[in-house]
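Chemist: need coordinates for the following:
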Amino acid sequence: MTNTDNHYMLSVTKGNLNDLAILFDRYHERIYNYFVNKSHNVALSQDLTQTVFERILKYKDSYKEDYLFKAWIYRIASNVYMDHFRQNKLKWSDIEQIREIPDQEENTTGEQNEQYHQVLYAMNKLSKTDQEIIQLSKIENLKIKEIAEILDLSESAVKVKIHRGIKRLKDIIFNTKQ
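Modeler: Residues are numbered from 1 along each chain as shown. You can find the predicted model right below:
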């Protein structure tokens with residue numbers, strides 16, 4: 001067996017907890033960036049990333065050999081994010097009020113910074129579902145098959161949702177429909 005993510009996770013399920021460190025090294029930055037892109041809150045993203053790895057350990061026995069580890073960890077991350085807002089009794093409309101937009105790179109131009117804020121504004125106007133699907137496909141660069149597994153949808157449904165979400169995002173950005 002090769003040293004794939006699935007191999008290491010199966011090893012963790014058998015009690016080899018040191019292999020979780022390998023998965024942590026491979027995924028903690030991706031998961032952290034996933035949360036930063038969703039919440040724009042650095043401290044919250046750090047906490048939620050830690051929670052994801054705690055849940056991996058807690059629910060290690062639920063991992064099955066035929067799972068794609070990447071899809072499984074993003075599904076956990078998505079659930080952790082939703083649980084955070086449920087537990088804190090926040091509504092999705094409240095998210096915009098708690099966002100802390102990270103500092104832009106010093107070498108970005110004013111135009112790039114303006115474009116970033118336009119996209120962020122437009123993303124905030126989308127439904128939670130559209131935000132999730134666009135983030136997974138365009139920001140996290142996950143494959144259609146992985147997104148389908150994370151969201152428990154068919155691959156064709158994911159393609160349609162991505163297409164429609166991008167169209168709505170463009171409509172908001174270019175004010176063609178509102």
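Chemist: any idea how far Tyr41 lies from Ile144?
Modeler: Quick fix: residue 41 reads Asn, not Tyr. Counting by CB to CB, to the nearest Å, the separation of Asn41 from Ile144 is 29 Å. For every residue, glycine as well, the C-beta is placed using N, CA and C.
Chemist: scratch that, Asp83
Modeler: Distance, Asp83 to Ile144, using CB to CB: 26 Å.
Chemist: out of the helices and strands in the chain, which is least certain?
Modeler: Lowest by mean pLDDT, DSSP states H and E among the helices and strands of the chain is helix 95-98, with a mean of 39.
Chemist: all helices of this structure, in order?
Modeler: 5-13, 18-39, 42-58, 69-87, 95-98, 110-125, 128-134, 144-151, 155-173 (DSSP state H).
Chemist: buried ones in the second one?
Modeler: Looking back up the chat, that one is helix 18-39. Across helix 18-39, burial judged by 16 or more other CB atoms under 10 Å covers 19-20, 22-23, 27, 31-32, 34-39.
Chemist: now the fourth one
Modeler: By neighbour count, and taking 16+ other CB under 10 Å as the criterion, the buried residues in helix 69-87 are 69-78, 80-81, 84-85.
Chemist: for the protein, what are the low-confidence residue spans?
Modeler: Along the chain, segments meeting pLDDT under 70 span 1-2, 88-117, 176-178.
Chemist: domains for it, by residue range?
Modeler: What automatic domain parsing lists as the domains of the chain is 1-102, 103-178.
Chemist: and the residue lying closest to Phe35 once chain neighbours are set aside, how far from Ile73?
Modeler: If the residues on either side of it in the chain are set aside, Phe35 comes closest to Ser45, at 3.7 Å by CB to CB, 6 or more residues apart in numbering. Per CB to CB, Ser45 is found 15 Å from Ile73.
Chemist: for Leu17, same thing?
Modeler: Between Leu17 and Ile73 the distance is 16 Å, computed by CB to CB.
Chemist: may I have stretch 159-173 as PDB, with CA atoms only?
Modeler: Listed next in PDB are the C-alpha coordinates belonging to stretch 159-173 (Å, rounded to 0.1, in the frame of the first residue of the first chain):
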ATOM      1  CA  LYS A 159     -21.800  21.000 -12.200                       C
ATOM      2  CA  VAL A 160     -25.200  22.700 -12.500                       C
ATOM      3  CA  LYS A 161     -24.800  24.300  -9.000                       C
ATOM      4  CA  ILE A 162     -21.300  25.600  -9.900                       C
ATOM      5  CA  HIS A 163     -22.500  27.000 -13.200                       C
ATOM      6  CA  ARG A 164     -25.600  28.700 -11.600                       C
ATOM      7  CA  GLY A 165     -23.600  30.000  -8.600                       C
ATOM      8  CA  ILE A 166     -21.000  31.500 -10.900                       C
ATOM      9  CA  LYS A 167     -23.700  33.100 -13.000                       C
ATOM     10  CA  ARG A 168     -25.300  34.600  -9.900                       C
ATOM     11  CA  LEU A 169     -21.900  35.900  -8.700                       C
ATOM     12  CA  LYS A 170     -21.300  37.500 -12.100                       C
ATOM     13  CA  ASP A 171     -24.800  39.000 -12.100                       C
ATOM     14  CA  ILE A 172     -24.100  40.600  -8.700                       C
ATOM     15  CA  ILE A 173     -20.700  41.900  -9.700                       C
END
